[in-house]
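# Coordinates for the following, if possible.
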Amino acid sequence: MGECRPLGFLIGLPFAFIALILSLVGAVIWIIGSVVSCLCPCCICFAGLANLAVSLVKMPISVIKWFIHQIPC
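Alright, predicted model coming up:
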């Protein structure tokens, strides 16, 4: 985090909290999708669902970085 961008971090916290909740949902979907795709490898759609869930898990960090970069120095 840059020295002159603490405001972007503070403004982004509520949105990061919402993204954190979505990432927990994504983690549950990822676990379920991984188990189902291991049990039945013919279901390729569950692999795509697991990839979507991984992007949901990474969302809080992306949201904070985006807000920090939106605030000019």
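
# where along this protein do the helices fall?
In the chain, the helices defined using DSSP state H lie at 6-39, 45-57, 59-70.

# in the second one, what counts as buried?
By that I understand helix 45-57. Within helix 45-57, the residues that qualify as buried are 46, 49-50, 53, 56-57, counting by 16 or more other C-beta atoms under 10 Å. The way it works is simple: take the backbone N, C-alpha and C, and place the C-beta from them, glycine included.

# ok, now which ones touch the residue minimising distance to the centre of the chain?
When the chain is reduced to its mean C-alpha position, the closest residue under C-alpha atoms, centre = their mean turns out to be residue 59, at 2.3 Å. Applying C-beta atoms under 8 Å, 6 or more residues apart in numbering, we find residue 59 in contact with 19, 22-23, 26.

# Run a quick neighbour tally on the closest residue to it other than its chain neighbours.
Spatially, and ignoring its direct neighbours in sequence, residue 59 is nearest to residue 19 (4.3 Å; C-beta to C-beta, 6 or more residues apart in numbering). With neighbours defined by other C-beta atoms under 10 Å, the count for residue 19 comes to 21.

# Tell me the pLDDT of residue 19.
With respect to pLDDT, residue 19 has a value of 79.

# OK, contacts around it?
When contacts are counted by C-beta under 8 Å, 6+ apart, residue 19 is found next to 59-60, 62-63.

# Could you rerun that using 6 Å?
Applying C-beta atoms under 6 Å, 6 or more residues apart in numbering to residue 19 gives the contacts 59-60, 63.

# for the least confident helix or strand in the chain by mean pLDDT, packing partners?
Within the chain, confidence by mean pLDDT, DSSP states H and E is lowest for helix 45-57 among all helices and strands, at a mean of 76. Other elements packing on helix 45-57 under the criterion 3 or more C-beta pairs under 6 Å, 6 or more residues apart in numbering; DSSP states H and E are helix 6-39.

# Now do the buried residues in the helix it packs on.
In helix 6-39, counting by 16+ other C-beta under 10 Å, buried: 8-9, 12, 16, 19, 23, 26, 29-30, 33, 36-37.
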